[in-house]
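S.K.: fold the following and give me the result.
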Amino acid sequence: MAKTLIEVENLSASYRKNTVLHNVNFEVKPGTLTGIVGPNGAGKSTLIKTMLNLHPALTGKVSFFGLPFPKVKKRIGYVPQRGSVDWDFPTDALDVVTMGLYGQIGWLKKTKEKHRKQALSALEKMGMKDYADRQISQLSGGQQQRVFLARALVQNADIYFMDEPLAGVDAATEQAIMTILKELKSIGKTVMVVHHDLQTVENYFDHVLLLNRTVLHHGKTERVFTKENVADAYGGNMRWMGGERQYELHSFK
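M.R.: I've put the predicted structure just below:
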């Protein structure tokens with residue numbers, strides 16, 4: 001039995017006195033690629049932010065490798081939602097990726113040629129080496145997302161959290177990102193991804209966490225991602241369209 005890598009116990013969080021997460025409990029084993037899936041407002045992004053101390057918890061405990069986040073933060077990579085980033089900040093793609101190395105370099109210390117090579121290698125892996133000197137504000141949404149993934153990759157973390165990395169990107173970028181995520185899994189990294197497209201869950205993830213303010217179902221995709229469990233998470237906002245995995249989302253008022 002693989003050792004537990006991430007453990008979340010009785011985690012709760014709120015925004016403006018409204019409870020967003022309630023009594024969240026789950027464990028994650030190493031070398032897994034997990035999709036965090038649930039309806040809008042389910043607390044998916046809040047879950048990641050609370051686990052990473054970016055949002056305060058009301059109750060609960062989160063541990064990585066058996067330790068609290070501050071003690072292991074250098075071993076954890078995070079890609080936020082693209083919409084939460086100030087893309088007008090005057091910096092180029094290479095500088096953005098190099099920021100992922102500051103844990104090694106140290107703040108306010110000069111980067112060396114080896115750091116530049118590491119950053120360029122990460123950009124090349126994402127097909128963005130030719131854009132290294134391009135201002136990030138001049139890049140398309142998909143290109144920006146590739147740069148941010150390159151920044152996470154250059155950290156060489158053991159655990160990666162990604163908040164909707166496939167939202168609003170073109171098909172080529174989506175496939176490029178998923179190829180990298182599956183490669184990370186294949187070399188023993190652990191990846192958790194907030195994901196919104198139910199049609200691709202089975203092809204993309206080996207584990208699924210179905211969330212709606214609390215964890216409703218969590219485990220291997222073939223066991224957890226069923227018609228009944230998805231309906232449990234989405235309630236009246238999901239309709240089964242027939243076939244193996246055909247869903248249609250509705251907003252009922």
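S.K.: tell me the contacts of Ile76?
M.R.: With contacts defined as Cβ atoms under 8 Å, 6 or more residues apart in numbering, Ile76 is in contact with 52, 64, 69, 157-161. For the C-beta atoms, the positions are set from N, CA and C on the backbone; glycine is no exception.
S.K.: save these as JSON lines, and put in distance to Leu198 too.
M.R.: Listed next are the contacts of Ile76 as JSON lines, based on distance: Cβ to Cβ, whole Å:
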{"residue": "Leu52", "distance to Leu198": "25"}
{"residue": "Phe64", "distance to Leu198": "28"}
{"residue": "Phe69", "distance to Leu198": "30"}
{"residue": "Ala157", "distance to Leu198": "28"}
{"residue": "Asp158", "distance to Leu198": "29"}
{"residue": "Ile159", "distance to Leu198": "25"}
{"residue": "Tyr160", "distance to Leu198": "22"}
{"residue": "Phe161", "distance to Leu198": "21"}
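S.K.: from the residues you listed, pick the one nearest Ile187.
M.R.: Proximity of those to Ile187 (Cβ to Cβ) peaks at Asp158, which lies at 10.5 Å.
S.K.: what about the residue nearest to that closest one when sequence neighbours are not counted, distance to Phe69?
M.R.: Nearest residue to Asp158, sequence neighbours excluded (Cβ to Cβ, 6 or more residues apart in numbering): Arg75, at 4.6 Å. Applying Cβ to Cβ, to the nearest Å, the value for Arg75 to Phe69 is 10 Å.
S.K.: was I right about Tyr51 contacting Val8?
M.R.: That one is not Tyr; residue 51 is Met. Yes - because the distance of 6.7 Å satisfies Cβ atoms under 8 Å, Met51 is recorded as touching Val8.
S.K.: next up, phi/psi of Leu209, please.
M.R.: As for Leu209, its main-chain torsions (degrees, to the nearest 10) stand at phi -120, psi 110.
S.K.: list the contacts of it.
M.R.: Counting by Cβ under 8 Å, 6+ apart, Leu209 touches 26, 34-37, 192, 215, 217-218.
S.K.: give me that answer again for 6 Å
M.R.: With contacts taken as Cβ atoms under 6 Å, 6 or more residues apart in numbering, Leu209 has the following neighbours: 34, 36, 218.
S.K.: now those as a markdown table including secondary structure and distance to Gly141?
M.R.: Output for the contacts of Leu209, formatted as a markdown table (DSSP: H, G, I helix; E, B strand; the rest coil; distance: Cβ to Cβ, whole Å):
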| residue | secondary structure | distance to Gly141 |
| --- | --- | --- |
| Thr34 | strand | 24 |
| Ile36 | strand | 21 |
| His218 | strand | 30 |
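S.K.: okay, helices next: where are they in the stretch 1-150 of the chain?
M.R.: In the stretch 1-150 of the chain, helices defined by DSSP state H, counting those that start in this stretch lie at 44-51, 69-72, 93-98, 102-105, 113-125, 141-154, listed in chain order.
S.K.: ranking those by mean pLDDT, which is last?
M.R.: Lowest mean pLDDT within those: helix 102-105, at a mean of 61.
S.K.: thought Ala93 was touching Asp133, still the case?
M.R.: No - under the criterion of Cβ atoms under 6 Å, Asp133 is not in contact with Ala93, lying 7.4 Å apart.
S.K.: chain neighbours aside, what residue packs nearest to Ala119?
M.R.: Nearest residue to Ala119 in three dimensions, chain neighbours excluded: Val97, at 4.1 Å (Cβ to Cβ, 6+ apart).
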